[in-house]
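Q: all I have is the shape, not the residue letters:
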Ligand SMILES: [Zn+2]
């Protein structure tokens with residue numbers, strides 16, 4: 001025994017010497033002449049988000065990469081004659097936020113080209129009359145044959161607690177076609193003119209995976225269309241944004257995201273046109289953020305093979321299997337808490353059969369794609385898990401990182417299989433804030449609502465996941481998503497499902513390193529480590545030490561992509577942001 005421990009001691013000493021030598025090797029790597037950084041950041045609280053949860057005071061950047069991370073002293077020693085020294089003054093620096101699911105640049109499209117139909121806390125509409133007034137105002141501004149489009153109404157937040165109908169919208173105009181989309185994006189309302197143009201009438205058959213709501217007595221459509229298959233009757237008629245309008249929307253969205261500290265954006269489903277426009281925006285130097293796009297199913301074969309670069313990548317194939325809980329189109333295994341149309345057995349519906357989904361997933365899986373399927377209700381999640389499981393059975397593949405989008409009402413038994421199959425959810429956790437009260441009182445009931453977006457259950461199983469804002473469904477704010485994950489406070493100021501709250505550090509992983517991992521980018525993004533891209537966000541306060549309830553109010557001071565500032569907040573003065581590409 002004695003000899004053994006002596007040997008161990010010797011071994012341990014050798015180990016220490018090796019450790020010291022390795023340390024020397026590291027500082028050799030940091031020799032000034034070899035590195036000659038363009039910039040160094042000093043005096044910061046740098047949260048590295050690396051595997052050992054390190055913190056640092058300073059870092060050095062050369063070109064678009066991080067070349068050194070360490071103490072003020074070690075990094076300052078690297079400064080050459082041309083190195084710019086940036087004093088962080090104790091502020092917190094993190095890897096840039098990685099938005100894992102939104103519809104960039106739709107926040108710009110909505111802000112510039114849609115009538116805002118949102119209710120508080122996002123917008124101002126309190127009753128259907130407010131929406132009519134806003135649409136009427138737009139009608140007076142544009143020619144009669146032009147479409148009026150609105151976005152963001154929420155029936156449960158309106159005084160009347162119902163969807164507007166064609167008759168409501170006809171009060172705004174019967175000459176203009178009008179189309180307004182629900183906050184969830186999964187329902188829309190058309191006025192009579194739009195229904196006429198879309199040829200939607202009492203004889204139109206109900207499509208598979210969608211509903212044309214009809215008046216029970218007359219059988220006439222009441223204007224409300226549920227889900228893509230029904231909404232397409234109108235959406236196929238809508239004029240596309242012109243290239244110029246799209247670029248305007250893009251510029252707006254870039255500012256919107258950069259102000260919130262986002263450096264990488266995942267577009268949750270795009271087509272060929274969107275990719276072509278993005279490429280153009282990059283070539284015109286209008287897009288300083290990195291884009292990762294999912295491809296709509298039909299688009300997968302059209303992807304150019306040599307497409308990817310550090311600014312624009314295409315990762316997953318995107319599909320949907322159900323709708324939205326707050327639109328009563330999420331597909332559940334048990335009925336909704338408050339029934340829709342007095343049907344106490346109503347539990348939503350899938351977009352397509354489980355067999356059809358499995359066929360589609362299997363095809364994309366076999367072709368080698370990562371797959372992301374939207375599923376909110378637990379019955380839809382059952383279908384998705386089944387499709388992934390069957391695909392693996394027939395065509396085994398390692399490390400697929402197949403995703404479930406939103407994954408809102410996932411059950412504990414489903415999380416067990418998700419862990420086993422290596423599936424990774426992207427949770428829309430800010431639902432707890434925006435819809436938590438109504439999930440408890442209307443849609444899910446208290447018991448199920450307490451388990452919506454069950455992040456703690458996922459962490460307990462070591463499931464890697466991300467969190468997102470699904471902008472324009474809710475405003476872009478990774479810090480609000482982190483705050484929601486940590487606090488689960490509703491708009492009514494109640495805590496929903498306290499057992500599912502997670503720690504700030506765990507939530508930060510879901511918008512940085514795990515987000516990069518979910519998109520196969522953990523080797524280049526998501527943490528502050530030597531060799532990774534120099535994408536940072538600088539915050540006024542440290543989310544790990546501030547009162548957790550204040551995380552959403554932390555100011556984003558600066559957003560940096562490839563070592564270059566794309567947004568900087570001016571503390572004193574009237575302007576809140578500088579022009580982009582102020583290459584500092
Ligand atoms: Zn989405």
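A: Okay, I see it. Quick caveat: nothing in here was measured; it's all calculated off a predicted structure.

Q: who's in contact with the closest residue to residue 443 other than its chain neighbours?
A: Excluding the flanking residues, the one nearest residue 443 by C-beta to C-beta, 6 or more residues apart in numbering is residue 325, at 5.1 Å. C-betas here are computed from N, CA, C, even on glycine. With contact set as C-beta atoms under 8 Å, 6 or more residues apart in numbering, residue 325 has these partners: 332, 348, 376, 377, 408, 409, 435, 439, 443, 444.

Q: for residue 325, what are phi and psi?
A: Note on residue 325: backbone dihedrals following degrees, to the nearest 10 are phi -60, psi -40.

Q: picking that back up, so which of the contacts of residue 325 sit within strands?
A: The strands in this structure, assigned by DSSP state E, contain none of these.

Q: sorry, back to before: quick one: pLDDT of the residue nearest to residue 443?
A: Confidence at residue 325, expressed as pLDDT, is 96.

Q: what of residue 284?
A: For residue 284, pLDDT reads 93.

Q: re earlier: any idea which of the contacts of residue 325 is closest to residue 176?
A: Closest approach to residue 176 among the contacts of residue 325 (C-beta to C-beta): residue 435, at 31.1 Å.

Q: that closest one and residue 327 touch, don't they?
A: No - at 10.7 Å, residue 435 does not count as touching residue 327 under the criterion of C-beta atoms under 8 Å.

Q: tell me which parts of the chain are close to the ion?
A: By C-beta under 5 Å from the ion, the part of the chain that sits against the ion consists of 268, 470.

Q: in the chain, which ranges drop under the pLDDT threshold?
A: Scanning the chain for pLDDT under 70 picks out 1-34, 297-308, 571-584.

Q: now do 90
A: Scanning the chain for pLDDT under 90 picks out 1-35, 144-145, 184-185, 270-276, 295-310, 313-315, 341-342, 367, 570-584.

Q: geometric centre of it: which residue is closest?
A: residue 101 (2.8 Å; C-alpha atoms, centre = their mean).

Q: give me every residue that touches that residue.
A: Going by C-beta under 8 Å, 6+ apart, residue 101 touches 266, 268, 405, 406, 426, 428, 466, 468, 469, 470.

Q: can you give me the neighbour number for the fourth one?
A: Using other C-beta atoms under 10 Å, residue 406 has 29 other residues around it.

Q: now it, nearest residue through space, not along the chain?
A: residue 428 (4.5 Å).

Q: and for the last one?
A: Distances taken as C-beta to C-beta, 6+ apart put residue 428 closest to residue 470, at 5.3 Å, once the chain neighbours are dropped.

Q: beta partners of residue 559?
A: With DSSP bridges as the criterion, residue 559 is bridged to residue 537, residue 567.

Q: can you count the residues close to it?
A: Neighbour count for residue 559, taken as other C-beta under 10 Å: 28.

Q: quick one: buried residues of stretch 545-563?
A: 546, 548, 551-552, 554, 556-563 (16 or more other C-beta atoms under 10 Å).

Q: now do stretch 226-237
A: In stretch 226-237, counting by 16+ other C-beta under 10 Å, buried: 226, 227, 228, 229, 230, 231, 233, 234.

Q: which residues sit against that stretch?
A: Contacts of stretch 226-237 (C-beta under 8 Å, 6+ apart): 177, 179, 186-188, 190, 194-195, 197-200, 204, 206-213, 225, 320, 323, 327, 329, 351.

Q: restricted to helices, list these.
A: Among these, the members falling in helices (DSSP state H) are 194, 195, 197.

Q: let me know the closest of those residues to the ion.
A: Proximity of the ones in helices among the contacts of stretch 226-237 to the ion (C-beta to the ion) peaks at residue 194, which lies at 23.8 Å.

Q: ok now do the closest one, which residues does it touch?
A: 147, 177, 178, 179, 234, 237.

Q: out of everything not next to it in sequence, what's closest to the second one?
A: The reference is to residue 177. Using C-beta to C-beta, 6+ apart, the nearest residue to residue 177 is residue 194, at 3.9 Å.

Q: cool, the third one as well?
A: In space, and not counting its chain neighbours, residue 178 is closest to residue 191: 4.0 Å by C-beta to C-beta, 6+ apart.

Q: thought the one you found was touching residue 177?
A: Yes - contact status for residue 191 versus residue 177: in contact at 6.7 Å, counting by C-beta under 8 Å.

Q: against residue 56, how distant is residue 88?
A: Separation of residue 88 from residue 56 (C-beta to C-beta, to the nearest Å): 11 Å.

Q: do the same with residue 142
A: Counting by C-beta to C-beta, the gap from residue 142 to residue 56 is 55 Å.

Q: those two: which has the busier surroundings?
A: residue 56 (21 against 12).

Q: helix or strand: which one has the closest residue to the more buried one other than its chain neighbours?
A: Using C-beta to C-beta, 6+ apart and skipping the chain neighbours, the partner closest in space to residue 56 is residue 46 (4.3 Å). For residue 46, the element it lies in under DSSP states H and E is strand 45-47.

Q: partners of that strand, with directions?
A: By DSSP bridges, strand 45-47 pairs with strand 55-56 (antiparallel), strand 92-95 (parallel).

Q: residues in contact with that strand?
A: Applying C-beta under 8 Å, 6+ apart, the contact partners of strand 45-47 are 55-59, 69, 88, 90-94, 508, 528, 542, 544.

Q: out of those residues, which comes closest to the ion?
A: Distance to the ion across the contacts of strand 45-47 (C-beta to the ion) is lowest for residue 508, with 22.1 Å.

Q: residue 113 touches residue 246, doesn't it?
A: No - Residue 113 is beyond contact range of residue 246, at 9.7 Å (criterion: C-beta under 8 Å).

Q: looking at these two, which is more packed in?
A: residue 246 (21 against 15).

Q: now whichever strand or helix holds the more buried one: buried residues?
A: In this assignment (DSSP H and E), residue 246 forms part of helix 243-258. Of the residues in helix 243-258, 246-258 count as buried by neighbour count, 16+ other C-beta under 10 Å.

Q: same list (those) but as JSON lines, adding distance to residue 520.
A: Output for the buried residues of helix 243-258, formatted as JSON lines (distance: C-beta to C-beta, whole Å):
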{"residue": "246", "distance to residue 520": "28"}
{"residue": "247", "distance to residue 520": "29"}
{"residue": "248", "distance to residue 520": "32"}
{"residue": "249", "distance to residue 520": "28"}
{"residue": "250", "distance to residue 520": "25"}
{"residue": "251", "distance to residue 520": "29"}
{"residue": "252", "distance to residue 520": "29"}
{"residue": "253", "distance to residue 520": "24"}
{"residue": "254", "distance to residue 520": "24"}
{"residue": "255", "distance to residue 520": "28"}
{"residue": "256", "distance to residue 520": "26"}
{"residue": "257", "distance to residue 520": "21"}
{"residue": "258", "distance to residue 520": "24"}
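
Q: and which of those residues is nearest residue 456?
A: Nearest to residue 456 among the buried residues of helix 243-258, with distances taken as C-beta to C-beta, is residue 257, at 28.3 Å.

Q: quick check: the closest one touching residue 289?
A: Yes - between residue 257 and residue 289 there is a contact at 6.0 Å, judged by C-beta under 8 Å.

Q: what is in contact with the two at once?
A: Shared contacts of residue 257 and residue 289, defined by C-beta under 8 Å, 6+ apart, comprise residue 265.

Q: circling back: what helices or strands is the helix holding residue 246 leaning on?
A: On a contact count with 3 or more C-beta pairs under 8 Å, 6 or more residues apart in numbering; DSSP states H and E, helix 243-258 meets helix 106-113, helix 272-283, strand 564-568.

Q: backbone phi and psi for the closest residue to the ion within the stretch 401-550 of the chain, please?
A: For the stretch 401-550 of the chain, the residue closest to the ion is residue 470, as judged by C-beta to the ion, at 4.4 Å. Residue 470 adopts backbone torsions of phi 50, psi 30, taken as degrees, to the nearest 10.
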